[in-house]
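In: Here is the input, now give the coordinates:
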Amino acid sequence: MAERKPIESWLTDMDGVLIHEGTPIPGADAFIKRLRESGKPFLVLTNNSIYTPRDLQARLHRMGLDVPVENIWTSALATAKFLDDQRPGGTAYVIGEAGLTTALHDIGYILTDHEPDYVVLGETRTYSFEAMTKAVRLINGGARFICTNPDETGPSTEGPLPATGAVAALITKATGKQPYFAGKPNPLMMRTGLNAIGAHSESSAMIGDRMDTDVLAGLEAGMQTFLVLTGLTSVADTEKFPYRPTRTVDSIADLVDLV
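Out: The predicted structure is shown next:
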């Protein structure tokens with residue numbers, strides 16, 4: 001087996017790795033501090049498209065985690081980068097929040113419900129039947145269907161919430177059209193993120209708490225992968241998958257000395 005290159009850049013998921021239900025996970029502050037002191041390129045990733053990087057920077061700062069705006073990469077940014085590469089200056093009907101609409105405005109997209117090039121579905125806490133009906137009709141009329149991420153549920157203090165993937169399934173059932181998902185586990189999100197920080201997959205590592213998104217995306221992008229057990233996955237869960245992370249650790253605290 002070929003010897004792995006030293007890790008020169010790091011990508012880490014946010015929820016379940018650095019924070020959990022609004023509080024930092026022990027070791028997260030030390031990990032971010034060590035990364036910043038090392039000067040190594042890094043990104044904090046999230047499949048949640050609700051917030052802008054500036055919003056997320058402020059939320060993390062309130063928890064004692066100082067992450068620069070340029071080191072935050074969301075599924076909304078990955079979606080915008082994909083659309084900008086595919087069809088620059090296009091039009092889209094968007095179901096989503098500021099994180100997604102801002103990312104699309106920033107690449108010069110026009111948001112409209114009049115014969116858009118794309119219907120773009122993202123995360124929101126207020127999915128309306130009217131908006132979903134409009135999306136179905138536009139897709140049936142020829143608009144291409146794009147989705148920020150395939151997560152079917154999201155966490156909340158009251159329990160799981162239906163998320164983007166669940167709503168996408170509804171629209172798919174009504175149209176017969178499958179969306180293109182830009183976020184994890186699509187390795188596109190990792191590769192565009194790596195490009196954004198000038199990093200290379202063979203000398204990069206991905207840290208996550210989910211086998212089906214974080215580890216899979218890192219694996220398919222050609223990166224080393226670290227699974228932490230502070231989120232949604234237990235050691236027993238890892239045996240259910242046909243692939244494995246490079247290494248499983250209890251928490252982000254166990255990775256500080258690797259930076």
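
In: distance of the most centrally placed residue in the chain from His114?
Out: Geometric centre of the chain, nearest residue: Asn47, 2.5 Å, by Cα atoms, centre = their mean. Taking Cβ to Cβ, to the nearest Å as the measure, Asn47 falls 30 Å from His114. Where C-beta positions appear, they are placed from N, C-alpha and C, glycine not excepted.

In: repeat for Asp250
Out: 52 Å.

In: Between the two, which has more neighbouring residues?
Out: Higher neighbour count among Asp250 and His114: Asp250, with 11 against 8, using other Cβ atoms under 10 Å.

In: What score does the residue nearest to the centre of the chain have for pLDDT?
Out: As predicted, Asn47 sits at a pLDDT of 94.

In: Check the one 3 residues further on too.
Out: Reading off the per-residue confidence, Ile50 sits at a pLDDT of 95.

In: Find the nearest non-adjacent residue to it, please.
Out: Glu97 (4.3 Å; Cβ to Cβ, 6 or more residues apart in numbering).

In: Also Glu70?
Out: Per Cβ to Cβ, 6+ apart, closest to Glu70 is Pro53, 7.7 Å.

In: Also Ala80?
Out: Closest to Ala80 by Cβ to Cβ, 6+ apart is Ala103, at 3.9 Å.

In: And the next helix or strand past the strand or helix carrying that neighbour?
Out: Assigned by DSSP states H and E, Ala103 falls within helix 98-106. Next helix or strand after helix 98-106 toward the C-terminus (DSSP H and E): strand 110-111.

In: quick one: average pLDDT of that next one?
Out: Rounded mean pLDDT across strand 110-111 is 98.

In: That one - contacts with which helices or strands?
Out: Applying 3 or more Cβ pairs under 8 Å, 6 or more residues apart in numbering; DSSP states H and E, one finds that strand 110-111 contacts strand 91-95, helix 98-106.

In: same thing but 6 Å
Out: strand 91-95 (3 or more Cβ pairs under 6 Å, 6 or more residues apart in numbering; DSSP states H and E).

In: Just checking the distance from the strand it packs on to the centre of its chain.
Out: Relative to the chain's own centre, strand 91-95 is displaced by 19 Å; criterion: Cα atoms, centre = their mean, to the nearest Å.

In: what do you get for stretch 178-196?
Out: That offset, for stretch 178-196, works out to 8 Å (Cα atoms, centre = their mean).

In: quick one: buried residues of it?
Out: 179, 181-194, 196 (16 or more other Cβ atoms under 10 Å).

In: Quick check on the residue nearest to Glu70: phi, psi?
Out: The phi/psi pair for Pro53 (degrees, to the nearest 10) reads phi -60, psi -40.
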